[in-house]
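> Predicted structure and sequence below. I'll ask about it afterward.
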Amino acid sequence: MIRRRISKLKNRGSDRKLVIEEDYVELTVGNEKSRLEMSEIQYVLINKYSISFIPNKANSTLIAIGISYREDVLNNFARREIIVDNSSLYQ
């Protein structure tokens, strides 16, 4: 199951939609929506294959997307001080 989820992150499918607004980040995959309020985001981690929106509470939603969204996140995410870009570690 984990391998299947990782392989889905590598491909930017047409059924996925990432929305970055001033107040929240929302990922829609098919009919399922995951939403994380900006006040709940502690870090945005950019790694080799994925980007994760890490919540500041253990019971909050974690949103993980493929690295193909990197430029979208960097260009549209206002709270740049919480972005941790580890992608250069993998070159």
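Happy to help now that I have it.

> Find the residue ranges of this protein scoring beneath the pLDDT cut-off.
1-14, 91 (pLDDT under 70).

> ranges for the strands of it?
Using DSSP state E, the strands of the chain run over 16-20, 24-29, 32-37, 41-46, 50-55, 63-66, 83-85.

> Any chance of those strands in TSV with distance to L74 as columns?
Backbone N, C-alpha and C define where each C-beta goes, glycine included. Putting the strands of the chain into TSV (distance: least, Cβ to Cβ, whole Å) gives the following:
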stretch	distance to L74
strand 16-20	11
strand 24-29	14
strand 32-37	18
strand 41-46	8
strand 50-55	10
strand 63-66	13
strand 83-85	7
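
> could those go into TSV alongside mean neighbour count and distance to F77?
Listed next are these as TSV, based on neighbours: other Cβ atoms under 10 Å; distance: least, Cβ to Cβ, whole Å:
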stretch	mean neighbour count	distance to F77
strand 16-20	15	6
strand 24-29	17	8
strand 32-37	14	12
strand 41-46	17	6
strand 50-55	20	9
strand 63-66	19	12
strand 83-85	13	7
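
> N76: which of the ones you listed is closest?
For the strands of the chain, the distance to N76 is smallest for strand 16-20, at 4.5 Å, taking Cβ to Cβ.

> Remind me what that closest one packs against, helices and strands.
For strand 16-20, the packing partners by 3 or more Cβ pairs under 8 Å, 6 or more residues apart in numbering; DSSP states H and E come out as strand 24-29, helix 70-76.

> now with 7 Å?
Judged by 3 or more Cβ pairs under 7 Å, 6 or more residues apart in numbering; DSSP states H and E, the packing partners of strand 16-20 are strand 24-29.

> Who does the strand it packs on pair with, and is each partner parallel or antiparallel?
Sheet pairing of strand 24-29 (DSSP bridges) gives strand 16-20 (antiparallel), strand 32-37 (antiparallel).

> how many degrees apart are it and strand 41-46 in direction?
Orientation check (axes from the mean of the first three to the mean of the last three Cα atoms, to 10 degrees): strand 24-29 against strand 41-46 gives 50 degrees.

> can you give me how far strand 24-29 is from the chain middle?
Its chain's C-alpha centre and that of strand 24-29 lie 9 Å apart, by Cα atoms, centre = their mean, to the nearest Å.
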